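Student: output the structure for:
(2 chains)
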Amino acid sequence: AQSVAQPEDQVNVAEGNPLTVKCTYSVSGNPYLFWYVQYPNRGLQFLLKYITGDNLVKGSYGFEAEFNKSQTSFHLKKPSALVSDSALYFCAVRDRGSTLGRLYFGRGTQLTVWP
Amino acid sequence: ETGVTQTPRHLVMGMTNKKSLKCEQHLGHNAMYWYKQSAKKPLELMFVYSLEERVENNSVPSRFSPECPNSSHLFLHLHTLQPEDSALYLCASSQDGGGRETGELFFGEGSRLTVL
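Tutor: Purely as a prediction, here's the structure:
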């Protein structure tokens, strides 16, 4: 069975500091991995994905994520946080063997960047 | 036109009302999804349609009735709902199968439903 864990409900960082939002996953085969962001009263916006190749994936708004197969992790990172990065972040996994884009989401991590 | 459009954005209804949520995707995708997002709960996948056929129904109560008349449109018909059904309902689409899959889902802005 596929599952995603985001161990932190809340992450608080100061503007200009690096940020990390953690994600670990469990999937029966090789995964596709995704990060989405949600601003208040909005839908989910795609940030980045890992399909294959380089373990460090770069995405929108300066975000990047590192795929670590041995630790089954896909942590989201940004070198310098902005107040406008404050939002709800979701990690998601899809079984590579699935022909349908059924994603399994984590519970979400609320990121707050304070000035 | 944005990729996935949902209407209405906000809906308030009584428990005896019948209403519908509409979703339209302009991305040429062949799969569409309904998700439910409640406060402090994980995103719940409700229904999946692939090539206009329902391929997944995750134990959703019958008071929710989906309809997919073509690959661009998806509806969620609502009747005799309960207050606990109040939530943000998200529609998504993807391109799957046939070697054109990209993996990610594209979401609409959601319909905020309040059941009184």
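
Student: looks like B:His77 contacts B:Pro66 (just checking).
Tutor: Yes - with contact defined as C-beta atoms under 8 Å, B:His77 reaches B:Pro66; the gap is 7.4 Å. C-betas here are computed from N, CA, C, even on glycine.

Student: more neighbours: those two, which one.
Tutor: The neighbour comparison of B:His77 against B:Pro66 (other C-beta atoms under 10 Å in any protein chain shown) goes to B:Pro66, with 20 against 13.

Student: quick one: the more buried one from B:Asp96, how far?
Tutor: To B:Asp96, B:Pro66 is 18 Å away according to C-beta to C-beta, to the nearest Å.

Student: do B:Glu44 as well
Tutor: B:Glu44 is 20 Å from B:Asp96, by C-beta to C-beta.

Student: cool, B:Met13 as well?
Tutor: From B:Met13 to B:Asp96 the distance is 33 Å (C-beta to C-beta).

Student: so B:Ser20 sits against B:His79, correct?
Tutor: No - using C-beta under 8 Å, B:Ser20 is not in contact with B:His79; the gap is 9.5 Å.

Student: who's A:Thr24 bridged to?
Tutor: For A:Thr24, the beta-bridge partners are A:Ala5, A:Ser73 (DSSP bridges).

Student: need the contact list for it.
Tutor: Each residue near A:Thr24 by C-beta atoms under 8 Å, 6 or more residues apart in numbering or on different chains is listed here: A:4-5, A:7, A:71-74.
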